[in-house]
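A.B. asks: sequence and computational prediction follow.
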Amino acid sequence: MRRSLRAVFLLLSLTLIGMILDGCWSRREIEELALIMAAALDAEGENQVRLSAFIINPREIGGGQPMGAGGGGGTRMPGEIVTAVADNFAEATRRLEEHIPRRVFWAHNRVIILGDGLARRGLQSLDWFSRDRQMRLDTVVVLTEGEARRVLDLPPGIELNPGRIITGILNSHVILKVELKDLFAMWQARGDNPVVPRVVLLSPDEHSGSKLQGREGRPGGGGEGGEGREAPPAQAAPAAVRFDGAGVFKDDKLVGYLDHLETLGTMWLRGEVREGVITFNCPAHPEGQVAVRFYRSQTKVKPHVEGDKIRFLVKITAEGDLTEHTCDDSLKDPAQVRAMEEALRREVEKRAEAALDKAQKELKADIFGFGEVLHRQEPKFWKQVQDHWNEIFAGVEVKVEPRMEVRRVGMTYASVEAIRGNTGGKKTSPGGR
Amino acid sequence: MREEGRISGWQLCMLVMGFLIGTSTLIIPVGPARQDAWIAFLLAGGLGVGLAYLYTSLGKRFPGETPLEYSLRVLGRWGGTILNVLFIWYAFHLASLVLLNIAELYTMVVMITTPLIVFIGVMAGLAALAARAGLETIARLAELLTPFIVLTMLTLNILCLATPNLVRWENLLPIMAEGPIPVVRGMFDTLAFPFGETVFFLVLLPFVVDPGRTRRPFCLAVILVSLLLSSVLVRNITVLGAAESNRTIFPSLAAVRLINIGDVLQRMDSLIIFIWTFAGFLKLSIVYYIFVLGTAQLFKLKDVRPLTLPVWLLLTFFTPHVYENVQEMLVFAGRVWPFYFLPLYLFHPALLLLVAKIRGVKGRGA
């Protein structure tokens, strides 16, 4: 009797437990969430901010062929862009929720695009992006001149949303990549200043070279423009973005931009270079050109303090393969390779010096983190200079010592022209990444 | 009363390790030593071994007895009772602190709209069940969970190392730029939390099968945990930098969130929440058990079981009032606890051992 009563009691309690186990307290189903994939931050009015967010449309993303081979029409978007103006970004997110049917969910945000108006006002408004628990510190940060909102207009191509387009480009390892955690680290360190890569919008013409596409708009793109009512090129929806240069912050405010070459120099000096191609003219035959693809590099900064004079010695080492060579010489001679290395060394020096010149003479901001190196290596000396480091940095002597090694020359020793004995190579303007 | 359970040396080692890991990775403070915090932690671990030596000396002198029993013989009835009341008060306070840590973590990071009291009640209820089941059950739980916790922490460290461009060793520099004082201060803090808290194992030492061989597993556990936790500190500092580790409330969580290997191995936050829950629960149930057992011995009860459920209620309603917010928690853990806890983890066992030596009080079993 007692046994059966016990069994009944057990059964009853199990049933009751089952009743409370089936629901979670504050659950959020995925179909109730608006997943933000990219956010654009702009300044608005005197001291307000505008938050624009790209929210993916799960029906378009999920399930195989996203742009529907049979589905036809170019009107279906992989997501929608929503925007709200408020005093700060936390409030702006609430405002967004006033006109979208789902709860905003930030944890999948991949990129934060800063408009330069906001960047000039200062980074203080980013506080929320490290304080809220949905935020991730590995979100990529980029900067754009003008309104950041326009970057979200990127039409879907291989990738469907601007967040993936931008992070995809950044994963190529040849461009300066700054994540939120890097930005905060550069910002809060007294011996460093933030550098944030800049994106430039490309018209359809610049992107694919096609005039036709520009008129009709890419599939799914916003460039509608009917007959005879063509939008001026500057206002047209962008077809793509390109990374070009970088914005320099002093403390927390945007103070200027680096051009392409200076950005490369900054990357070499910060030790952020991972891969890339450098093109230069042949040392012996200026009409030919050489391209070297390097894949391994290291930067070591050494401070030397004598009295109150500071010198920095920057040792850069990199190795790479020669990938193009249109000069007359055959590369069978080791001396040739050494000459290439020497020319390569000068190219890196040129980049580093361009960056140094800009940072020391024009911007007067230590964008290379040299102050932090000093802090680590000479903590006692650092104490004396930390309060006015940027001014001191403008006057310090920096010596750059690159050492480049060309490991291999590819599959051939000499170009066809060199074998024919023809000297008329093509003229090039040196550049490249 | 007597606890019939017996634990092996290996189980003691696992218990001490799980207890030490406990909530310390959760609010592991970078503290005054900043980028040298890991040095401070290792030094504190060294002193922690000294404390373990002290505790096991007491345990060896009085095999088969808990401090609540032999303190009466060492210090007399009144002196001993006062010390015993203090001892179980500290156990109760620690239990509520651990409980509140876990609950705060859950309300801050995982489920923000759920009231704090729900987590407190659920965790305390589970700990009550564990304490009711007895020491052997808790020891087996430790045997099960501690290896998992340690392996997961090591895996997370390795994953951080494997993530490209995440670990920056230069963040550890400069080493001791401000002289040794900040390191010593940091050491003092970490000595109290978590190493000094092992003083509660005085109560568990008599239940080890071979009371003569407690020293090796105890010291081994302290050494392993100090290595493990300083590696966690090194990870947090190299990944986030000392300044950012100080700025974030849960630096370990922030660091682990950055793990990303080829866009496949990423978002490891849930793993670290698991560790914290398991380790926190282990610590909580050990302290809970010690409090219940201590209370039973103080009042000379025959059984601990009648106490487990009332203590659950007591703890559930006491805990929310330990502190009001995380700021108070941090101030308490960093500034108050090292001094507040000092009498128990150092003076109490030292006094017992000294007086026992002078008065020549020997253990009953010896």
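C.D. replies: Sure thing, it's come through. Numbering: from 1, shown residues only, chains lettered A, B, ... in the order given.
A.B. asks: how about the helices in the stretch 251-400 of chain A?
C.D. replies: Secondary structure of the stretch 251-400 of chain A (DSSP state H, counting those that start in this stretch): helices at A:260-270, A:334-357, A:370-377, A:379-385, A:389-395.
A.B. asks: closest one to A:T144 among those helices?
C.D. replies: Evaluated over the helices of the stretch 251-400 of chain A, closeness to A:T144 peaks at helix A:260-270, with 14.6 Å, by C-beta to C-beta. Bear in mind the C-beta positions are built from the backbone N, C-alpha and C, glycine included.
A.B. asks: ok, and what's touching that closest one?
C.D. replies: Outside helix A:260-270, the residues within contact range by C-beta atoms under 8 Å, 6 or more residues apart in numbering or on different chains are A:176, A:195, A:197, A:244-246, A:258, A:272-273, A:276, A:297, A:299, A:301, A:314, A:316, A:348, A:350-356, A:358-359, A:367-369, A:400, A:402, A:431, A:433.
A.B. asks: in that helix, what's buried?
C.D. replies: Of the residues in helix A:260-270, those scored as buried under the neighbour-count criterion (16 or more other C-beta atoms under 10 Å in any protein chain shown) are A:H260, A:L261, A:E262, A:T263, A:L264, A:G265, A:T266, A:M267, A:W268, A:L269, A:R270.
A.B. asks: residues near the residue nearest to B:T66 when sequence neighbours are not counted, how many?
C.D. replies: In space, not counting the residues next to it along the chain, B:T66 is nearest to B:V203; the distance is 4.8 Å by C-beta to C-beta, 6 or more residues apart in numbering or on different chains. By the measure other C-beta atoms under 10 Å in any protein chain shown, the count of residues near B:V203 is 25.
A.B. asks: how close does B:V203 get to chain A?
C.D. replies: The spacing between B:V203 and chain A, counted by C-beta to the nearest C-beta, to the nearest Å, is 34 Å.
A.B. asks: can you show me the CA trace of stretch A:365-379 as PDB?
C.D. replies: What follows is stretch A:365-379, C-alpha atoms only, in PDB (Å, rounded to 0.1, in the frame of the first residue of the first chain):
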ATOM      1  CA  ALA A 365      50.000  62.300 -33.300                       C
ATOM      2  CA  ASP A 366      51.800  59.100 -32.500                       C
ATOM      3  CA  ILE A 367      49.700  56.700 -34.600                       C
ATOM      4  CA  PHE A 368      52.300  53.900 -34.400                       C
ATOM      5  CA  GLY A 369      52.100  53.100 -30.700                       C
ATOM      6  CA  PHE A 370      55.700  54.100 -30.200                       C
ATOM      7  CA  GLY A 371      54.800  55.600 -26.900                       C
ATOM      8  CA  GLU A 372      53.500  52.300 -25.700                       C
ATOM      9  CA  VAL A 373      56.800  50.700 -26.700                       C
ATOM     10  CA  LEU A 374      58.600  53.300 -24.600                       C
ATOM     11  CA  HIS A 375      56.100  52.600 -21.800                       C
ATOM     12  CA  ARG A 376      57.000  48.900 -21.900                       C
ATOM     13  CA  GLN A 377      60.800  49.200 -22.400                       C
ATOM     14  CA  GLU A 378      61.600  52.300 -20.400                       C
ATOM     15  CA  PRO A 379      58.800  52.700 -17.800                       C
END
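A.B. asks: what's the mean pLDDT across it?
C.D. replies: Per-residue confidence for stretch A:365-379 averages out to 88 on the pLDDT scale.
A.B. asks: so is it next to chain B?
C.D. replies: Yes: judged by C-beta under 8 Å from any C-beta of the partner chain, stretch A:365-379 comes into contact with chain B at A:H375, A:R376, A:Q377, A:P379.
A.B. asks: chain B contacts on chain A?
C.D. replies: A:25-26, A:130, A:133, A:136-138, A:181, A:184-185, A:188-189, A:375-377, A:379-380.
A.B. asks: try 7 Å this time
C.D. replies: Those residues of chain A that sit near chain B, judged by C-beta under 7 Å from any C-beta of the partner chain, are A:25-26, A:133, A:136-138, A:181, A:184-185, A:188, A:375-376, A:379.
A.B. asks: now do the residue of the stretch 1-150 of chain B found nearest chain A, the pLDDT please.
C.D. replies: With C-beta to the nearest C-beta as the measure, B:T113 is the residue of the stretch 1-150 of chain B nearest to chain A, at 4.2 Å. If you check B:T113, the pLDDT there is 82.
A.B. asks: ok, B:V287 next?
C.D. replies: At B:V287 the predicted local confidence, pLDDT, stands at 94.
A.B. asks: check the one 4 residues further on too.
C.D. replies: In the prediction, the pLDDT value recorded for B:F291 is 94.
A.B. asks: dump the residue contacts of it.
C.D. replies: B:I88, B:A91, B:F92, B:A95, B:V311 (C-beta atoms under 7 Å, 6 or more residues apart in numbering or on different chains).
A.B. asks: dump the C-alpha coordinates for the strand or helix carrying the last one into CSV.
C.D. replies: Take DSSP states H and E as the rule and B:V311 turns out to sit in helix B:305-318. The C-alpha trace of helix B:305-318 is given here as CSV (Å, rounded to 0.1, in the frame of the first residue of the first chain):
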residue,chain,number,x,y,z
ARG,B,305,20.1,16.3,7.6
PRO,B,306,17.4,18.2,9.5
LEU,B,307,19.5,21.3,9.1
THR,B,308,19.9,21.3,5.3
LEU,B,309,16.5,22.6,4.3
PRO,B,310,16.2,25.4,7.0
VAL,B,311,19.7,26.6,6.0
TRP,B,312,18.5,26.8,2.4
LEU,B,313,15.8,29.2,3.4
LEU,B,314,18.2,31.1,5.7
LEU,B,315,20.7,31.5,2.9
THR,B,316,18.1,32.3,0.2
PHE,B,317,16.8,35.3,2.2
PHE,B,318,20.1,36.4,3.6
